[in-house]
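Fold the following, please.
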Amino acid sequence: MKQRFLLLLLFVCALACDSANPVAPTGTILSLSASPTQISLNGGTSLLTVTGFKPDGNPLNPGTQITLSTDIGVLSSTLVETNGSGRATAILTSDGTPGVAMISARPASGTGGEGTGAMATVQIGQTDTTRPQLTVTASPSTVGLGERATVTAVARNADGSLFGAGGSVLLRTDLGFFDTSGSCSSGSNSVTLTTSSASEARTFLCAGQQPGTANITGTFGASAEATATVTIENQRPSLIINANPNIISPLETSQITIIARDENDVPLGAGFQIQLLASFGQLDPETPTTDQDGRATATFDPNDEFGDAVIQAFLGSSEVVSVTVTVNPEVVSVQFVTLPGSINVENQTLRLVARALNSRNEGVSSVIAVYTAVLEMGGNRIGEFQLPSGDSSDGSVVTGNDGTAPIDLVLEEVDLMAGNDILVTVTVSTESGSVTSPEGRIRVN
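So this is what the prediction gives:
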C-alpha cells in the first residue's frame, strides 16, 4: 500500500513538472523587432516579434515566457510564450499619443544575466521630418463687422517642396464663417478646400456681426496644425496724421501726430497702438499709443538721409493715412573754379559760377551763396571790394535747381592794374554752419 502511494506521488509530480513553463537559462539572448516601425496616430498597429536563444545558440524551449513593456501605445499582451522556434509575437496599437514608443522584452523568470533584454522602437504618428507642411495666412488681419478677409493655405511636402494640385486642406474658425464665394451671405465654421497647381487653397472669412478675434486653424493630412488670426472690430476707426515741421534738414527731426477717432468722430481714447511706417529714416516709437484724447505722437529722424519721406499710419481696419516730410540735403561743399584764371584790364566783366553740393555730390538748390573778393598786389592784400562792382548787390546769389550760383565780376570802377590778383571765395550758410569754397585766384593782365 505504501509503495503504491509513493508511485502515485511520483506520477503527480512528473505531471506537474511537465506542465510548468521552462525557465530561460542564464545567458539567454533575446532580439526584438517591429513591423512596421512607423504607424498612424489613431489605431495604427505594429507586429512585435521576440526571438530567444540559449547560450549554446539553440532556440529557447517552447513555452518560455517573455515579458513585454512599452512607454506609449497599447500591447495586446505583456506576457508572451515562445514557440518551437523560440519566437513569440504581440501587437502594439497606437492610442492617440504621438511619439516614439520604446518597447522592451525580458525573460519572465530566471536570472537571465546581463544583456538578456532587447529593445525596439516604433514611431507613432508623423515627425516634423516626415509629415507634410501647411501655412495659413489671412489678409487683412483686421476687419470691421460685416467685412471679410482672404484666407490662403499653402500645402507642402515634408521636404518643403510644393505639394501641387489635389491636396485636401481642412480649415476651421471659432468666430465668423467661411464662404468660398465671397458674398458672405451664408457659410460654415469649417471648410474643406482642394489645392491648386500652385499648391494654394483660398476662401473668405466673413466677419459677421460679432466682434472679437477669429482663430483659424488648418490641417493638411498628417501635418501639424497651422494657425492664423483675424481681429474683428466693432467699428472702423479713422485717422488724421500731420508732421511738424514737414520740411527739415538731415540733422533735424519732425514730430508725427496721429489722431484716432471712431465713425462718429469721437476720440477713441487711450491704449490704442498706431502702426507707423516710414519710407526711410527712423520712427520712435514705431507703434505709439493713443492718450485719452485719441492722440499719439512719434519722432521721425531721417538718419542723415534726404528726400521726400512718406510716413504711413493705420490702426486695425482703418484706411492707411500718410504725410510727407521733405528732408532738404545739407550743403557739405562749395565748388568754385575760376575759368578762365585771368582777365585783361580792358575787359569789364567776368562771369563767376559756384555750385553748392550735398553729400552725394548733387547740387543743392534754394540756398544763398555769398561771394567775397579781395584785391592782392605784390603778395599783399589791399582790401575787399563789392561783387558785382558798381551794383547794389551784396554779392549773394540763390542757387538754382542744379545748385549753381552765377555772378558777374565787374571791373568797372575798380582801380586795377596788370599784375594784380583778385582772390574770390564763396560761402554758403546753413542751419548747421557755414561752408566756404577754396579760394579762387584771378590774374589781371
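
Going by C-alpha atoms from here, please, whenever you check contacts or count neighbours.
Will do.

show me where the stretch 1-150 of the chain has strands.
29-35, 38-39, 42-53, 65-70, 74-75, 79-81, 87-95, 99-107, 118-124, 133-139, 142-144, 148-156 (DSSP state E, counting those that start in this stretch).

Tell me where the protein is predicted with low confidence.
Confidence mapping of the chain against pLDDT under 70 gives the ranges 1-20, 109-115, 128, 339, 345, 347-348, 385-393, 411-416, 431-432.

circling back: what about the strands of the stretch 1-150 of the chain, which gets the closest to residue 241?
strand 142-144 (20.3 Å; CA to CA).

List the contacts of the closest one.
With contacts defined as CA atoms under 8 Å, 6 or more residues apart in numbering, strand 142-144 is touched by 149, 207, 211, 230-236, 316-317.

Walk me through which strands it pairs with, and which way each runs.
Strands that pair with strand 142-144, judged by DSSP bridges, come out as strand 226-233 (parallel).

mind checking how far the helix or strand just after the partner strand is from the chain centre?
Downstream of strand 226-233, the first helix or strand assigned by DSSP states H and E is strand 238-244. Distance, stretch centre to chain centre, for strand 238-244: 28 Å (CA atoms, centre = their mean, to the nearest Å).

Sort out which residues of strand 238-244 are buried, please.
238-243 (16 or more other CA atoms under 10 Å).

want to throw those into CSV with distance to residue 398?
Below are the buried residues of strand 238-244 laid out as CSV (distance: CA to CA, whole Å):
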residue, distance to residue 398
238, 43
239, 39
240, 36
241, 33
242, 30
243, 27
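
Tell me the one among those residues nearest to residue 177.
residue 238 (26.1 Å).

then the host helix or strand of residue 409 to PDB, C-alphas only?
Assigned by DSSP H and E, residue 409 belongs to strand 404-410. Output of strand 404-410 as PDB, limited to C-alpha atoms (Å, rounded to 0.1, in the frame of the first residue of the first chain):
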ATOM      1  CA  THR A 404      24.800 126.700 -59.200                       C
ATOM      2  CA  ALA A 405      25.000 130.300 -58.300                       C
ATOM      3  CA  PRO A 406      26.400 132.500 -61.200                       C
ATOM      4  CA  ILE A 407      27.600 136.100 -60.600                       C
ATOM      5  CA  ASP A 408      29.400 138.700 -62.700                       C
ATOM      6  CA  LEU A 409      32.700 140.200 -61.600                       C
ATOM      7  CA  VAL A 410      32.600 143.800 -62.900                       C
END
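
before we move on, back to that, are any of the contacts of strand 142-144 buried, and if so which?
Neighbour-count burial (16+ other CA under 10 Å) is assigned, among these, to 149, 207, 211, 230-233, 235-236, 316-317.

ok, back up a step: give the next helix or strand downstream of the strand holding residue 409.
Using DSSP H and E, the next helix or strand after strand 404-410 towards the C-terminus is strand 421-430.

Give me the sheet partners of whatever helix or strand comes next after that next one and which way each runs.
Counting by DSSP H and E, the next helix or strand C-terminal to strand 421-430 is strand 433-436. Looking at strand 433-436 with DSSP bridges, its partner strands are strand 421-430 (antiparallel).

tilt between the partner strand and strand 404-410?
Counting by axes from the mean of the first three to the mean of the last three CA atoms, to 10 degrees, strand 421-430 lies at 150 degrees to strand 404-410.

What are the buried residues along strand 421-430?
Here strand 421-430 shows 421-428 as buried, counting by 16+ other CA under 10 Å.

go on, stretch 207-223?
Quick answer for stretch 207-223 (16+ other CA under 10 Å): 207-208, 211, 213-214, 216-223.

now it, how far from the centre of its chain.
21 Å.

quick one: residue 251 is in a strand?
No: Residue 251: not assigned to a strand; according to DSSP: H, G, I helix; E, B strand; the rest coil it is coil.

how far away is the residue nearest to it when sequence neighbours are not counted from residue 25?
Excluding its sequence neighbours, the residue lying closest to residue 251 (CA to CA, 6 or more residues apart in numbering) is residue 304, at 6.0 Å. Distance, residue 304 to residue 25, by CA to CA, to the nearest Å: 85 Å.

and if you look at residue 88?
For residue 88 relative to residue 25 (CA to CA), the value is 17 Å.

In a markdown table: the strands of the stretch 1-150 of the chain, plus distance to residue 299.
Listed next are the strands of the stretch 1-150 of the chain as a markdown table, based on distance: least, CA to CA, whole Å:
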| stretch | distance to residue 299 |
| --- | --- |
| strand 29-35 | 66 |
| strand 38-39 | 58 |
| strand 42-53 | 57 |
| strand 65-70 | 62 |
| strand 74-75 | 63 |
| strand 79-81 | 74 |
| strand 87-95 | 58 |
| strand 99-107 | 52 |
| strand 118-124 | 55 |
| strand 133-139 | 29 |
| strand 142-144 | 26 |
| strand 148-156 | 32 |
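
Figure out which of those strands is closest to residue 294.
Proximity to residue 294 (CA to CA) singles out strand 142-144 among the strands of the stretch 1-150 of the chain, at 19.0 Å.

Name the helix or strand for residue 204, please.
strand 200-206.

what residues does that strand touch?
By CA under 8 Å, 6+ apart, strand 200-206 touches 146-155, 169, 176-182, 184, 193-195.

on that earlier part again, which of the buried residues of stretch 207-223 lies at the shortest distance from residue 60?
residue 222 (41.7 Å).
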